[in-house]
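>>> Sequence first, predicted model second:
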Amino acid sequence: MSAILPLLGGLLLGRFAHLRLALGIQVAFYAAAAAALIATAPSHGASYTDGVLLSLVLAPLSALTFFIGWRWRRHAQRGAQHA
């Protein structure tokens with residue numbers, strides 16, 4: 001469940017926040033989600049290594065959702081300029 005934070009947060013931050021602020025918050029979201037994934041992995045029948053692997057998969061997905069949000073904002077700004 002904590003993996004949703006950097007995914008959804010990245011999309012919304014990329015869309016609505018200033019770039020530098022959004023990047024900092026996105027890194028904090030990813031760090032919190034990765035720590036939660038690693039720390040709670042044994043509680044879900046997995047090992048800490050499984051939590052680390054999930055965190056490594058989450059990193060590029062988190063960056064991708066941020067990029068999609070950023071592109072969404074650029075598209076919306078271009079549309080507003082031409083309207």
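Structure received. Residues are numbered from 1 along each chain as shown.

>>> Please make it C-alpha for all contacts and neighbour counts, starting now.
OK.

>>> which SS class is the closest residue to F29 other than its chain neighbours?
The shortest distance from F29 to any residue that is not its chain neighbour, by C-alpha to C-alpha, 6 or more residues apart in numbering, is 5.1 Å, and that residue is P6. The three-state assignment at P6 reads helix, by DSSP: H, G, I helix; E, B strand; the rest coil.

>>> and P6, what does it touch?
Under the criterion of C-alpha atoms under 8 Å, 6 or more residues apart in numbering, the contact list for P6 reads 26, 29-30, 33, 62.

>>> next one: G9
When contacts are counted by C-alpha under 8 Å, 6+ apart, G9 touches 26, 29, 66.

>>> One more: R73?
Neighbouring residues of R73 by C-alpha under 8 Å, 6+ apart: 14-16.

>>> related to what we said a few turns ago, list buried residues within the contacts of G9.
In terms of neighbour count (16 or more other C-alpha atoms under 10 Å), the buried residues within the contacts of G9 are 26, 29, 66.

>>> buried stuff in stretch 73-83?
When burial is assessed from 16+ other C-alpha under 10 Å, stretch 73-83 yields the following buried residues: R73.

>>> could I get it in CSV with only the CA atoms?
Coordinates of each C-alpha in stretch 73-83 appear next as CSV, following Å, rounded to 0.1, in the frame of the first residue of the first chain:
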residue,chain,number,x,y,z
ARG,A,73,1.6,19.7,-17.3
ARG,A,74,3.6,20.8,-20.4
HIS,A,75,0.8,19.6,-22.6
ALA,A,76,-1.8,21.5,-20.6
GLN,A,77,0.3,24.7,-20.7
ARG,A,78,0.8,24.4,-24.5
GLY,A,79,-3.0,24.0,-24.9
ALA,A,80,-3.7,27.0,-22.8
GLN,A,81,-1.3,29.2,-24.8
HIS,A,82,-2.9,28.2,-28.1
ALA,A,83,-6.5,28.6,-26.9
